[in-house]
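Peer 1: Quick check, what structure comes out for this input:
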Amino acid sequence: MPIYEYECESCGNRYAVLVHMKDSTETESCPRCGSQQARKLISSVSVVRSTSQKEKDREKALRAVDPTKPQEVARYFKEHGSRFGDEDFRGTNAWQDAVERVAEGGPTLDE
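Peer 2: Residues are numbered from 1 along each chain as shown. Predicted coordinates:
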């Protein structure tokens, strides 16, 4: 059974309703004012992936990056690092600064 989110056009209240599939075309009345004038909202979804799936996704994505080009690697991590999860590429402030510097064409840590 999906959860639909609504916004009441009369009072502005936002609310969620667990709806049976057979009733999914009906608009639920506002619990605050009772109005039937509500619209369904587009809700975000969350996808849960296992650690092994994250590793597979990361390996696949990194194959497209040339490891001999530090600027390309840094730019990739800057733009796409969080898509694998915050814990994967968070790093320290020094690490974040280094990625920013290299992505902009500055020296790597080895230079």
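Peer 1: can you dump the C-alpha coordinates of the helix or strand hosting Lys78 into PDB?
Peer 2: Assigned by DSSP states H and E, Lys78 belongs to helix 70-80. C-alpha atoms of helix 70-80 as PDB (Å, rounded to 0.1, in the frame of the first residue of the first chain):
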ATOM      1  CA  PRO A  70      44.500  13.900 -11.100                       C
ATOM      2  CA  GLN A  71      42.300  16.800 -12.200                       C
ATOM      3  CA  GLU A  72      39.800  14.400 -13.800                       C
ATOM      4  CA  VAL A  73      39.700  12.200 -10.700                       C
ATOM      5  CA  ALA A  74      39.300  15.200  -8.400                       C
ATOM      6  CA  ARG A  75      36.500  16.700 -10.500                       C
ATOM      7  CA  TYR A  76      34.700  13.300 -10.500                       C
ATOM      8  CA  PHE A  77      34.800  13.000  -6.700                       C
ATOM      9  CA  LYS A  78      33.800  16.600  -6.300                       C
ATOM     10  CA  GLU A  79      30.800  16.200  -8.600                       C
ATOM     11  CA  HIS A  80      29.700  12.600  -7.900                       C
END
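Peer 1: Next, the buried residues of it.
Peer 2: Of all the residues in helix 70-80, those buried under the rule 16 or more other CB atoms under 10 Å are Pro70, Val73, Ala74, Arg75, Tyr76, Phe77, Lys78. Yep, even glycine has a C-beta here, placed from its N, CA and C like the rest.
Peer 1: can you put these in JSON lines and add distance to Cys11?
Peer 2: Shown next, in JSON lines, are the buried residues of helix 70-80 (distance: CB to CB, whole Å):
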{"residue": "Pro70", "distance to Cys11": "55"}
{"residue": "Val73", "distance to Cys11": "52"}
{"residue": "Ala74", "distance to Cys11": "50"}
{"residue": "Arg75", "distance to Cys11": "47"}
{"residue": "Tyr76", "distance to Cys11": "47"}
{"residue": "Phe77", "distance to Cys11": "46"}
{"residue": "Lys78", "distance to Cys11": "43"}
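Peer 1: hey, where'd the strands end up in this structure?
Peer 2: 3-8, 14-18, 38-40 (DSSP state E).
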